[in-house]
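A.B. asks: For reference, the sequence and a predicted model appear below.
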Amino acid sequence: MSNRLLSFLTEIERALITAQTAPVGGRWDTQRLINFNQGLARLTLAAYSVAELVETRGAILLQSFTLADGSLCLKANLSWEGTESTSAYAIYAKPEINWQNEASQIARKWIEGKPAMIEVTSAPEDFSPESVMAATA
């Protein structure tokens with residue numbers, strides 16, 4: 001179980017680095033934290049800018065566990081800096097599974113998945129609850 005956890009984490013990291021998605025002129029900085037006893041691994045992702053400033057981008061948390069039928073399952077929880085949104089994906093060990101392809105898909109989902117940030121602007125000066133009620137009536 002621990003070998004699959006570590007190798008899958010490595011494949012995700014490779015897929016992220018080779019995807020060429022770091023900021024222009026920058027590079028990825030990754031940090032790993034692995035607890036084999038609990039079957040947990042975390043890959044924290046940050047990007048170095050051209051000015052060598054580090055900006056945390058998010059993390060991928062992996063959980064490895066054995067299902068009731070004895071088969072292995074990896075759960076990937078994707079999160080992004082600046083938002084509370086997360087996405088979770090389960091990968092089940094099957095004879096026909098391509099672990100490298102699954103890791104690439106998790107990396108792609110993390111790269112593409114950051115929810116759009118909604119910019120909150122101040123209300124117009126003439127804003128009032130009455131004007132909202134009148135506009136919706």
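C.D. replies: Okay, I see it.
A.B. asks: what's in contact with stretch 72-85?
C.D. replies: When contacts are defined by Cβ atoms under 8 Å, 6 or more residues apart in numbering, stretch 72-85 is touched by residues 1, 4-5, 8, 12, 55-67, 86-93, 106, 109-110, 113-115, 117. Every C-beta, even on glycine, is put in place using the N, C-alpha and C of the backbone.
A.B. asks: Weed out the non-buried ones from those residues.
C.D. replies: Among the contacts of stretch 72-85, those scoring as buried are 4-5, 8, 12, 57-64, 87, 91, 93, 106, 110, 114 (criterion: 16 or more other Cβ atoms under 10 Å).
A.B. asks: Inside helices: which ones of those?
C.D. replies: With helices taken from DSSP state H, the overlap with those comprises 4-5, 8, 12, 106, 110.
A.B. asks: correct me, but residue 15 touches residue 109?
C.D. replies: No. Using Cβ atoms under 8 Å, residue 15 is not in contact with residue 109, being 10.6 Å away.
A.B. asks: pLDDT score assigned to the residue nearest the centre of the chain?
C.D. replies: Computing the C-alpha centroid of the chain and ranking residues by Cα atoms, centre = their mean puts residue 78 first, at 3.0 Å. For residue 78, the pLDDT comes out at 93.
A.B. asks: Can I get the helix or strand containing it in CSV? Just the C-alpha atoms.
C.D. replies: Taking DSSP states H and E as the criterion, residue 78 maps to strand 72-80. The C-alpha coordinates for strand 72-80 follow below in CSV (Å, rounded to 0.1, in the frame of the first residue of the first chain):
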residue,chain,number,x,y,z
LEU,A,72,-6.7,-0.8,-2.9
CYS,A,73,-8.3,2.6,-3.3
LEU,A,74,-6.6,6.0,-3.5
LYS,A,75,-8.6,9.1,-2.8
ALA,A,76,-7.3,12.5,-4.1
ASN,A,77,-8.5,15.7,-2.6
LEU,A,78,-7.6,18.8,-4.6
SER,A,79,-7.6,22.3,-3.1
TRP,A,80,-6.5,25.7,-4.3
